[in-house]
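**Student:** With the input below, show me the fold.
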Amino acid sequence: VHAKSRKQFKKAKLNWRTNNPKAKRRSLGWIPFKKTAIKHISTRQSGKKSLKTTLQFSLANRQKLIIDVWDSYNLSLYSINTCELVQDNSGHWYACITVKEFPKIKCGTGQVGIDLGCKDAAVSSEGDQLQIKVTHNYAEKLAVAQRAKNKKRIRAIHAKIKNTRQDLIHKFTSKLVKANNLIVVGKIKSNSFTSSKLA
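**Tutor:** Next up is the predicted model:
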């Protein structure tokens, strides 16, 4: 997005969005950095499986911004290209990083078919199931927060539901891609559920 916007507006430097409550147009924070403004300082172990990476950003007037980010990929193995600090509606900040020459992972040699359904979101021919209805476990907490009109809590629960659903889908699809080189998805039409024996 950063590179595309720079090319579109023919600018080497882009303005960033701010969530300043005094601003005329409020928006979620977004701060882009190009390659020359980013310096990787260190990556260290934090816990049994997690890594923490320290990044330094060059700001105007020779100022520096140093942040620690939870590292899922071990950034010390890659050459960082661009970085954007992005804020979500819960007030959390994320570092969206692009790297050069990300290693290609060879897929498996298997073949699998996927059946999309109503009870389960997807079922593979090997018996693996994608169940995203586990997010219904948050329905009661969400109802309580909505009755109490607690907007902050409502946003937090919705974010939890979204992240849980994306995590389940990501793990399911990643497993399929790593193990198979042919994936066949069944074609589903809504008419087949309403005007046939499938109904």
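**Student:** Next one: Gln131 relative to Gln87, how far apart?
**Tutor:** From Gln131 across to Gln87, the span is 31 Å (C-beta to C-beta, to the nearest Å). The C-beta positions use only the backbone N, C-alpha and C, and glycine is treated the same way.
**Student:** typed the wrong thing, it's Asp68
**Tutor:** 17 Å.
**Student:** buried set for the lengthiest helix in the chain?
**Tutor:** Determined from DSSP state H, the single longest helix within the chain is helix 151-179. Residues of helix 151-179 classed as buried: Ile154, Ala156, Ile157, Ile161, Leu168, Phe172, Leu176, Ala179 (neighbour count, 16 or more other C-beta atoms under 10 Å).
**Student:** How about stretch 45-62?
**Tutor:** Buried, per 16+ other C-beta under 10 Å, within stretch 45-62: Leu51, Thr53, Thr54, Leu55, Phe57.
**Student:** helix or strand for the fourth one, which one?
**Tutor:** Secondary structure here is read from DSSP states H and E; on that basis Leu55 sits in strand 51-58.
**Student:** Could you identify the most distant pair in the buried residues of helix 151-179?
**Tutor:** Using C-beta to C-beta, the buried residues of helix 151-179 span at most 38.6 Å, a distance reached by Ile154 and Ala179.
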